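Trainee: Show me the folded form of this:
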Amino acid sequence: MRYRLLGLVFCAATVGAQERKNHFDDPFVQVTRSIASCPVPPGPGFTDEEVRKEAHVRSQHGGSCYRAGRCRLPNSYLYDKEIVPRVAQYIQQDGRFTETSVWVLGERRLVTLTGCVRTKEQSQEMERAVLLVDDVMGVINQLRVVP
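Mentor: Sure, this is the predicted structure:
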């Protein structure tokens, strides 16, 4: 009886904790790797339930820039797979950011920078640099300073 109850508790916990996956295939890449102590940020992830809710939001937000005449593609999420490799290349080739550990996420022409930099100025410089990449609409800077 004790093992049956333990098995039921385990099954209930497994069903309650839904797996988070990158259902929308949002591009998420590590672009620099110099700060070993920098924790790896969680990538984009949604549970199956969250996907159902997010799909509607994405269709509304994704198409609004096209309807307003601000995007050439019919959905702003279509830009992300082109933007993120260009952002990665720009950061990697810019000598100011070699001593960082940074991940880049693209969602709806918005680029999120996560990870670690050495100074506040370096964080600000990276944000400004990424804004210069073609088709980037905005930058969400979540970089933390690790001296």
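Trainee: what's next to the longest helix anywhere in the chain, contact-wise?
Mentor: Among the segments of the chain that qualify as a helix by DSSP state H, the longest is helix 48-67. Residues outside helix 48-67 that contact it (C-beta atoms under 8 Å, 6 or more residues apart in numbering): 18, 23-24, 46, 71-78, 108-109, 137. Every C-beta, even on glycine, is put in place using the N, C-alpha and C of the backbone.
Trainee: From these, list just the buried residues.
Mentor: Buried subset of those (neighbour count, 16 or more other C-beta atoms under 10 Å): 46, 71, 75, 76, 77, 108, 109.
Trainee: Go through these and flag which are in helices.
Mentor: Using DSSP H, no member of those falls within helices.
Trainee: Let's have the residues you listed in a markdown table, adding distance to residue 31.
Mentor: Formatted as a markdown table, these follow (distance: C-beta to C-beta, whole Å):
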| residue | distance to residue 31 |
| --- | --- |
| 46 | 23 |
| 71 | 25 |
| 75 | 25 |
| 76 | 22 |
| 77 | 20 |
| 108 | 19 |
| 109 | 18 |
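Trainee: Any chance of TSV for these, columns pLDDT?
Mentor: Output for the buried ones among the contacts of helix 48-67, formatted as TSV (pLDDT from 0 to 100):
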residue	pLDDT
46	91
71	86
75	89
76	89
77	92
108	93
109	95
